[in-house]
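# model this:
(chains A and B)
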There are 2 protein chains.
Amino acid sequence: LTRGRELRIAMVGFGNVGRRFAELLPGPFARPLKAAGARPIVTGIATARHGRAIDPHGLDLRHCLRLVRAGRRLDAVHEWPDTPSTIDFVQTVPADVLVEVSPLDPIAGEPATRHVRIALRRRLHVVTANKGPVAFALGRLRGLARRQGRLFLHEGAVMDGTPVFNLVERCLPGVRVRGFRGALNSTTSHILSRMEQGVPAAQALREAQALGIAEADPAHDLEGRDAAVKGCALANALMGASVRPPSVRRRGITRITAQEVQAAARAGRRLRLIVRARRDGGAVRLRVAPEKVPLGDPLAVSGADAVLVLETDLMGEIGVIEGGGNVDQTAYALLADLVAVAGAWSREGGRTRLCG
Amino acid sequence: LTRGRELRIAMVGFGNVGRRFAELLPGPFARPLKAAGARPIVTGIATARHGRAIDPHGLDLRHCLRLVRAGRRLDAVHEWPDTPSTIDFVQTVPADVLVEVSPLDPIAGEPATRHVRIALRRRLHVVTANKGPVAFALGRLRGLARRQGRLFLHEGAVMDGTPVFNLVERCLPGVRVRGFRGALNSTTSHILSRMEQGVPAAQALREAQALGIAEADPAHDLEGRDAAVKGCALANALMGASVRPPSVRRRGITRITAQEVQAAARAGRRLRLIVRARRDGGAVRLRVAPEKVPLGDPLAVSGADAVLVLETDLMGEIGVIEGGGNVDQTAYALLADLVAVAGAWSREGGRTRLCG
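Prediction:
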């Protein structure tokens, strides 16, 4: 009975998603990885506020979680030459795959894009739930991954672990995505739903923050920047576009009044912040704006964390809905991609020759 | 420049789906198969009313389509020893993969199940859009396919080419499906929608028949038998159940009145024929019944051909919607599965050693 070879995982980012992933990895996430031939160990964790730790024999995840929750630094369990920065960490951590879950800067997609690039150059596989690298640099990162013979997977970048990127890649061979429309930002969906029920926008935003669904800076949600970044990630990955968030025509929900929301409701419609993509000649055009969606339309589904409708050539329209929307689902996105990495890694003998 | 090796396809059934598949195969379907290393040829077609044809060098599909559309028999182009029945055809046709799209008998799932079994015994891969074998005999057919080292794929059995079976298999590793609910029968969804608009049920049924979405015997739709068969196919494939259609608690829409439909609409609800599955101890229980679904629920989406919501352990709820619903989408299901067959077949050298 083989337990699989050790698949060495390095993590950048240890916030809500990273911690939940670390909790689930020895539990329910271990079985599907084992089935793919891998026994996962975490050889490094780099955090923004709790230092960094590397142990080539595998860190004790429970201990790391305890340290961080107690507000202490991970350096206590570091067993490796010093890494003065996260960049140094990514450049030297002994690993087969980088799990990139650092906080996103939606203006430039950094430093996540840089982490991904360095890891791929070292011939690590990369898995991320970070939409920045996909929205800002997908073409170059895909090219680099291909040249290096490594996987760059990012299911969690949009709609958490609900299959979107992998859906098209693995289940819709030969299909061309002609366009899409989606309600992808759960904070604005929550606020608009609550405004329909008579709750003031400011209070609804506080609720979204308490639920942990709002961006660190909620202006990114309200002004449609988060939706624009997600739209670019989808357009680049699914439609072969090369659009970047600053070029998206964008209007947020900040000027929407309670009266408007309620008038729409009386007319059988729901306000939602919608991102739309369509081909226009050779280019792909993206637009983010509030729309009055008729009840009965997939984009008006209640309580959905996110909804996406793909418009395709061979398969007509396919809608995908994420119900709930919590940190477990983002952690799962990392697992789904890691299983694919484990498969590729097992097939080539379970060894990653590191460079750099 | 290689054009790929010849992948020999035998087809049983040449109705709407089979003919559309044959039209698309040399066109848009050829490219993804070629990318998987295969150049498809159709070496045999068995029909219910137009005879059978086998040509080991590949039939001229356009010519076959013309013959059948002109009401003529395919025997004119038969280049092989006589096959007195479809069973003989499946037992002897030279092929790498059987595409099974014969008409379904929803009472017993035959003769499709028998065709699948014979083909797998001969070590052909099998692709089907037929829900019968999946609802009535999945466990045995999967076991047989595994022992023979062949694929038995059936994406088209439920929701046409919208990824459902492949979605869970390829995109949700490690996830357990705890239950599901779905509006899977498009004929009853159409009738109930039209009744809401004041159209009599009988007229709405005639419309569904004109649209080509109704079963050959519409009682299978109206009495929930089609939904029960689809529910069993899903429960068996996604939940590891071994339920068969006769054991499903089932109530159809035949007693639903226009008054009921319209009263529900005034209360913000839509009547839909819903199939639900849940675990009950070790067993999986299935129920088909009309339900009053609130507007805003995924199951009440307008104009959707089918909607399915999966309830999972690691990923919460995931909804999938098929928009439109036409014969192209069923033909696409066959292609999506064939691409997987082509991949497996290429990896083992593009040769199928036939037995029997």
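# contacts and neighbour counts: CA atoms only from here.
OK.
# Kindly report the residues of the stretch 251-356 of chain A close to chain B.
A:295-298, A:300-302, A:314-325, A:328-329, A:332, A:336, A:339 (CA under 8 Å from any CA of the partner chain).
# Show me those that map onto strands.
Among these, DSSP state E puts A:E317, A:I318, A:G319, A:V320, A:I321, A:E322, A:G323 in strands.
# top of these by neighbour count?
Among those, A:I321 has the most neighbours (other CA atoms under 10 Å in any protein chain shown), with 29 neighbours.
# pretty sure that residue contacts A:S302?
No - A:I321 is beyond contact range of A:S302, at 10.5 Å (criterion: CA atoms under 8 Å).
# So the closest residue to A:E223 other than its chain neighbours: helix, strand or coil?
Using CA to CA, 6 or more residues apart in numbering or on different chains and skipping residues adjacent in sequence, the residue nearest A:E223 is A:G252, 3.9 Å away. Following DSSP: H, G, I helix; E, B strand; the rest coil, A:G252 is assigned to coil.
# so can I have JSON lines of the ones in strands among the residues of the stretch 251-356 of chain A next to chain B showing pLDDT and distance to B:A112?
JSON lines is the format used below for those (pLDDT from 0 to 100; distance: CA to CA, whole Å):
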{"residue": "A:E317", "pLDDT": "96", "distance to B:A112": "29"}
{"residue": "A:I318", "pLDDT": "97", "distance to B:A112": "28"}
{"residue": "A:G319", "pLDDT": "97", "distance to B:A112": "30"}
{"residue": "A:V320", "pLDDT": "98", "distance to B:A112": "31"}
{"residue": "A:I321", "pLDDT": "97", "distance to B:A112": "33"}
{"residue": "A:E322", "pLDDT": "96", "distance to B:A112": "35"}
{"residue": "A:G323", "pLDDT": "91", "distance to B:A112": "36"}
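# Pipe those into CSV and attach distance to B:P163 per row.
Converted to CSV, those look like this (distance: CA to CA, whole Å):
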residue, distance to B:P163
A:E317, 12
A:I318, 9
A:G319, 10
A:V320, 10
A:I321, 13
A:E322, 15
A:G323, 18
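# Which members of those are the farthest-apart pair?
A:E317 and A:G323 (19.5 Å; CA to CA).
# Helices of chain A, start to end?
A:16-24, A:30-35, A:61-69, A:86-92, A:112-121, A:131-148, A:165-166, A:186-196, A:201-210, A:219-222, A:225-239, A:258-266, A:327-347 (DSSP state H).
# Pretty sure A:S189 sits against A:R270.
No - look at A:S189 against A:R270 with CA under 8 Å: they stay out of range, at 9.7 Å.
# wait, A:R5 sits on A:A36?
No - counting by CA under 8 Å, A:A36 is not a contact partner of A:R5; they are 10.1 Å apart.
# Chain B contacts on the stretch 101-250 of chain A?
Selection of the stretch 101-250 of chain A residues close to chain B by CA under 8 Å from any CA yields A:G161, A:T162, A:P163, A:N166, A:L167, A:R170, A:C171, A:L172, A:P173, A:G174.
# for the stretch 101-250 of chain A, which spans come out with low pLDDT?
Low-confidence segments of the stretch 101-250 of chain A, defined by pLDDT under 70: A:106.
# which outside residues touch stretch A:211-222?
For stretch A:211-222, the surrounding residues in contact (CA atoms under 8 Å, 6 or more residues apart in numbering or on different chains) are A:106, A:185-188, A:205, A:208-209, A:225-227, A:252-254, A:326.
# Kindly recompute the last result at 7 Å.
The contact list for stretch A:211-222, computed with CA atoms under 7 Å, 6 or more residues apart in numbering or on different chains, reads A:N185, A:S186, A:T187, A:T188, A:A208, A:D226, A:G252, A:I253, A:T254.
# closest to chain B among those residues?
A:S186 (15.1 Å; CA to the nearest CA).
# Give me the nearest residue to the closest one, chain neighbours excluded.
A:D305 (5.2 Å).
# distance of that neighbour from A:V275?
Taking CA to CA, to the nearest Å as the measure, A:D305 falls 15 Å from A:V275.
# These two - which one has more neighbours?
More crowded of A:D305 and A:V275, by other CA under 10 Å: A:V275, with 28 against 22.
# Settle this for me: the more buried one is touching A:V288, isn't it.
Yes - here A:V275 reaches A:V288: they are 4.4 Å apart, a contact under CA atoms under 7 Å.
# any shared contact partners between these two?
In contact with both A:V275 and A:V288: A:A227, using CA under 7 Å, 6+ apart.
# Report how many residues lie close to A:A267.
11.
# should've said A:S242
For A:S242, using other CA under 10 Å, the count is 17.
# can you tell me which residues contact it?
A:N236.
# Look up how far chain B lies from A:A202.
A:A202 is 24 Å from chain B, where distance means CA to the nearest CA, to the nearest Å.
# how many neighbours does that residue have?
Count around A:A202 with other CA under 10 Å applied: 11.
# Distance of it relative to A:R270?
19 Å.
# So A:G324 sits against A:S302, correct?
No - at 10.5 Å, A:G324 does not count as touching A:S302 under the criterion of CA under 7 Å.
# of the two, who's got more company?
Neighbour comparison, A:G324 and A:S302: the larger count goes to A:S302, with 19 against 16 (by other CA under 10 Å).
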